[in-house]
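Enquirer: pasting the structure only:
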């Protein structure tokens, strides 16, 4: 039984990595939100399995919170934001997806190597997932760096948070509930604030392209 | 080599020869149904083959002997490929003849010759098709090798026979690396068999065609052989997919009864595979040729990540 659940956790970890790459390659902003919701769902599934195996009831609450917040509420807010900003059909021009993917592979190898000695010391049920979670964090970082529009950067930030939660639950069997509640609230507030910011950016520059922020105004 | 081994080899070859056009017809028919058309019927590929074999073959004046023997060579390559993939049983004489890498080499040989033959006549279309074919091929080939290596890592062998038998014999386990490899394999499958996101198999529009441009100069029995070979290629790729990812039901001993038992299971898997393929083709649009590298890089990347996750997750588990 435990054997199968460890395999399941490993499977969800791989899905998380897959979705991180899908996000990296996705051009449409609307689809990014979709992938983000799927990522949330994967984290929920992984958390529930960990909760079932380790008999930690608080992890069920954590999973339920993730479900409400990251699968329904935040994607809903983001979709509304997209509608109101009228960027539904925005297609971003990205720099050379193949080379970005190859950099992604290097990042994955790097984080796997980094996590291997840590994993061998760990006593948690599935130490291998730490490397995957680390890779997801780095990939989300890269997404935030390479995107030029504001909304994909926000989604990159959110997916990084997803990966961190996954790392916490699978590698260390969960954080204290207080910490988790705090993070969840932070993310929610963060989305609200960033949404307001985006409106402000567009008011000022009539575009959501962040590169406009780099220009100094001489007035 | 026993009689039952020979029989199983013979059985596999006959089955692939007969089933390959049927698979193509099934996918075409399903696509037609999904698009609310009545469709040509699943036996249409046989009718086309019959028609083409009864027609005269016309040769261009500039064609060399390479152009003449290429259809036979391609047909032979594809038939051999479907013969060395374990489809019905793992116990057959050709299993020792070639491993996964040789299989990829066989596809590469066919690709090189069809491209040379297309350029041989000297028409613009042939050259265009040949270039595009090589362009897609050189990107798809490493990805296919990576997919095969991921499975080989689990079985500790590149022999397809060993891969299938270890897969069947060991207790059920979820391998995340196989999930990645499976996704990668679907992408490679679409690219290599000239299916929709990469190439449209049912068009002669010069801007989009790859496979049709290659065989534009052929007619009569040569064209029939090439059409048959392309359906055999589809069949061989489907059997590779089944052997790598869904091998359950392939008989591990060569007895005749087990072969008869394995055949309906195999056909059922092919039917389901056809449904998946038709759905993918209906839901996706043909992409620009310059998007193809992106598409195949993703396939390569997925396969590499599959290998990496095996090393990371599998090293501890085993």
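Expert: Structure's in. What do you need? Only a predicted model underlies this, so the values are computations on that prediction, with no experimental measurement involved.
Enquirer: report pLDDT for residue 139.
Expert: Since no chain was named, I'll use chain A. The per-residue pLDDT reported for residue A:139 equals 93.
Enquirer: ah, I was thinking of chain B
Expert: With respect to pLDDT, residue B:139 has a value of 91.
Enquirer: before we move on, what about residue B:22?
Expert: Note for residue B:22: predicted pLDDT of 93.
Enquirer: in what helix or strand does the closest residue to residue A:141 other than its chain neighbours lie?
Expert: Nearest non-adjacent residue to residue A:141, counting by CB to CB, 6 or more residues apart in numbering or on different chains: residue A:160, 6.5 Å away. From N, CA and C alone the C-beta is placed, and that goes for glycine too. In the assignment (DSSP states H and E), residue A:160 maps to helix A:150-172.
Enquirer: low-confidence stretches in the chain?
Expert: Picking chain A for this. Of all residues in chain A, those with pLDDT under 70 make up the ranges A:1-2, A:89-94, A:122-125, A:172-174, A:216-219.
Enquirer: looking at chain B here, not the other one
Expert: Low-confidence segments of chain B, defined by pLDDT under 70, are located at B:1, B:203-208, B:254, B:314-318.
Enquirer: which parts of it sit against chain A?
Expert: Proximity of chain B to chain A (CB under 8 Å from any CB of the partner chain) is limited to residues B:173-177, B:179-180, B:183, B:293-294, B:297-298, B:301-302, B:304-305, B:308-309, B:311-313, B:315-317.
Enquirer: run the last query once more with 6 Å
Expert: Contact residues (CB under 6 Å from any CB of the partner chain) of chain B with chain A: B:173-174, B:176, B:179, B:293-294, B:297, B:301, B:304, B:308-309, B:312-313, B:316.
Enquirer: spit out the contact partners of residue B:182.
Expert: Residue B:182 is in contact with residue B:245, counting by CB atoms under 6 Å, 6 or more residues apart in numbering or on different chains.
Enquirer: after the host helix or strand of it, next one along is what?
Expert: Under the assignment given by DSSP H and E, the secondary-structure element containing residue B:182 is helix B:176-192. For helix B:176-192, the following helix or strand on the C-terminal side (DSSP H and E) is helix B:211-214.
Enquirer: any buried residues in that following helix, and which?
Expert: For helix B:211-214, a neighbour-count test (16 or more other CB atoms under 10 Å in any protein chain shown) marks B:211, B:212, B:213, B:214 as buried.
Enquirer: return the set of buried residues in the very next helix or strand once past it.
Expert: Following helix B:211-214 in sequence order, the next helix or strand is helix B:220-245 (DSSP H and E). Buried residues in helix B:220-245, counted by 16+ other CB under 10 Å: B:220-245.
Enquirer: before we move on, what about stretch B:165-177?
Expert: When burial is assessed from 16+ other CB under 10 Å, stretch B:165-177 yields the following buried residues: B:165, B:167, B:175, B:176, B:177.
Enquirer: just stretch B:19-38 next, same as before
Expert: Buried residues in stretch B:19-38, counting neighbours by 16+ other CB under 10 Å, are found at B:19-32.
Enquirer: show me the residues you listed that map onto helices.
Expert: Using DSSP state H, the members of these that fall in helices are B:19-32.
Enquirer: mind listing what residue 148 touches?
Expert: In the absence of a named chain, this looks at chain A. For residue A:148, the contacting residues are A:209, A:210, A:211, by CB under 6 Å, 6+ apart.
Enquirer: chain B was what I was after
Expert: Contacts of residue B:148 were listed using CB under 6 Å, 6+ apart, and they are residue B:100.
Enquirer: how about the residues of chain A that lie near chain B?
Expert: Neighbours of chain B within chain A, by CB under 6 Å from any CB: A:7, A:10, A:11, A:14, A:97, A:98, A:101, A:105, A:108, A:112, A:128, A:131.
Enquirer: let's see which of those end up in helices.
Expert: For the residues of chain A next to chain B, the ones inside helices are A:7, A:10, A:11, A:14, A:97, A:98, A:101, A:105, A:108, A:112, A:131, with DSSP H as the criterion.
Enquirer: the residue lying closest to residue A:73 once chain neighbours are set aside and chain B: what is the separation?
Expert: For residue A:73, the nearest residue in space outside its immediate sequence neighbours is residue A:188; the separation is 7.3 Å by CB to CB, 6+ apart. The gap separating residue A:188 from chain B is 31 Å, by CB to the nearest CB, to the nearest Å.
Enquirer: also residue A:194?
Expert: Distance from residue A:194 to chain B, counting by CB to the nearest CB: 29 Å.
Enquirer: quick check: which element contains that residue?
Expert: Assignment of secondary structure by DSSP H and E places residue A:194 within helix A:177-205.
Enquirer: for the residue nearest the centre of chain A, give me its contacts.
Expert: Nearest residue to the geometric centre of chain A (CA atoms, centre = their mean): residue A:159, 1.1 Å. Going by CB under 6 Å, 6+ apart, residue A:159 touches A:36, A:39, A:140.
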